[in-house]
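In: this one's sequence-less:
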């Protein structure tokens with residue numbers, strides 16, 4: 001009975017402590033999720049980005065979706081013996097420029113050891129697919145990723161390896177390392193290189209009524225800085241420095 005009473009008292013104390021902590025954070029204008037984060041639990045809060053353009057603005061929407069993506073699905077033609085000639089999809093980290101300077105061109109940091117890079121040595125044709133769901137916009141608006149209103153952008157073209165020491169190479173590599181800092185610690189013996197997709201066709205699903213096709217020249221010429229990504233990352237930094 002003594003052990004049972006002691007256990008009951010401990011449980012009551014822990015429950016009271018948790019309630020006090022929760023009220024303490026409420027008084028500071030914070031919620032229970034903040035307390036959980038400080039307790040080293042997995043953070044579940046997603047910091048919202050600026051909302052995307054209206055769906056009728058095709059080019060701004062296309063540029064927004066790519067610039068706000070951290071990764072894409074990259075489809076190539078496989079050279080693996082068991083599935084040679086089959087389409088093969090892989091996840092690749094991506095940028096289309098620096099946080100404050102969007103170009104609309106997908107850039108990649110690749111190794112010859114990777115599935116995609118090996119495929120591209122034989123056939124450099126590829127398709128990049130990216131979804132608006134990466135920003136959590138669709139989830140927050142109760143839309144399934146396959147919902148036509150959850151924009152999907154598909155860029156098809158030929159992959160090109162950039163020459164080192166060129167202005168474009170320097171710009172693209174700096175942008176990749178800015179958005180993906182872990183790349184600086186990738187194994188140095190993997191012969192990393194920077195590649196870009198030279199776009200031949202742009203298809204997009206962003207509303208009911210089927211796919212829309214965007215002229216590549218108009219897409220690339222559109223003056224879009226993508227400053228919402230810079231603001232988004234600045235909020236993350238401020239959150240880390242001033243929790």
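Out: Yep, that arrived. Model, not experiment: these values are computed from the prediction. Numbers count the residues shown, from 1 in each chain.
In: Show me the domain layout of the chain.
Out: Here the domain parsing of the chain from automatic domain parsing is 2-38, 58-241.
In: and the longest one, what's its mean pLDDT?
Out: What it means is domain 58-241. Mean pLDDT, computed over domain 58-241, is 93.
In: ok, longest strand in the protein?
Out: Selection of the longest strand in the chain by residue count, based on DSSP state E, yields strand 193-205.
In: Now the element after it, going C-ward?
Out: Downstream of strand 193-205, the next assigned helix or strand under DSSP states H and E is strand 212-213.
In: what packs against that next one?
Out: If contacts are counted by 3 or more Cβ pairs under 8 Å, 6 or more residues apart in numbering; DSSP states H and E, strand 212-213 sits against strand 193-205. All C-beta spots, glycine's among them, are computed from the backbone N, C-alpha and C.
In: Can you point out the buried residues in the strand it packs on?
Out: Neighbour counts over strand 193-205 (16 or more other Cβ atoms under 10 Å) mark 193, 194, 195, 196, 197, 199, 202, 203, 204, 205 as buried.
In: Out of the residues you listed, flag the one nearest to residue 165.
Out: Of all the buried residues of strand 193-205, residue 165 sits closest to residue 194, with 11.2 Å by Cβ to Cβ.
In: shouldn't the closest one be in contact with residue 171?
Out: No. Residue 194 lies out of contact with residue 171 (Cβ atoms under 8 Å); the separation is 9.6 Å.
In: ok, the closest residue to residue 190 other than its chain neighbours to residue 183 distance?
Out: Take residue 190 and drop its neighbours on the chain: the residue closest to it by Cβ to Cβ, 6 or more residues apart in numbering is residue 111, 4.1 Å away. Relative to residue 183, residue 111 is positioned 11 Å away (Cβ to Cβ, to the nearest Å).
In: just residue 126 next, same as before
Out: Distance, residue 126 to residue 183, using Cβ to Cβ: 20 Å.
In: Pick out whichever of the two has more residues nearby.
Out: Between residue 126 and residue 183, counting by other Cβ atoms under 10 Å, residue 126 is the more crowded of the two (24 against 14).
In: So that one sits against residue 197, correct?
Out: Yes. The criterion here is Cβ under 8 Å, and residue 126 meets it with residue 197 at 6.4 Å.
In: and for the two, which residues touch both?
Out: The contact sets of residue 126 and residue 197 overlap at 157, 158, 159 (Cβ atoms under 8 Å, 6 or more residues apart in numbering).
In: Most neighbours among those, which one?
Out: These, ranked by neighbours (other Cβ under 10 Å): first place residue 159, 23 neighbours.
In: Hmm, residue 126 and it touching each other?
Out: Yes. Residue 159 is in contact with residue 126 according to Cβ under 8 Å; the separation is 5.1 Å.
In: give the contact list for the nearest residue to residue 107 once chain neighbours are set aside.
Out: Distances taken as Cβ to Cβ, 6+ apart put residue 172 closest to residue 107, at 4.2 Å, once the chain neighbours are dropped. Contact analysis of residue 172 by Cβ under 8 Å, 6+ apart lists 95, 107, 162, 194, 196.
In: about what we covered before: the longest strand of the chain pairs with which strands, parallel or anti?
Out: strand 101-110 (antiparallel), strand 152-161 (antiparallel), strand 212-213 (antiparallel) (DSSP bridges).
In: Show me which of the ones you listed has the highest average neighbour count.
Out: Mean neighbours per residue, mean count of other Cβ atoms under 10 Å, is largest over the strands paired with strand 193-205 for strand 101-110, with a mean of 22.
In: Which residues does that one contact?
Out: Under Cβ under 8 Å, 6+ apart, the answer for strand 101-110 is 62-63, 66-67, 72, 74, 92-97, 116-117, 128, 155, 159, 172-173, 175-176, 180, 183, 186, 192-197, 199, 219-220, 222, 224-226, 229.
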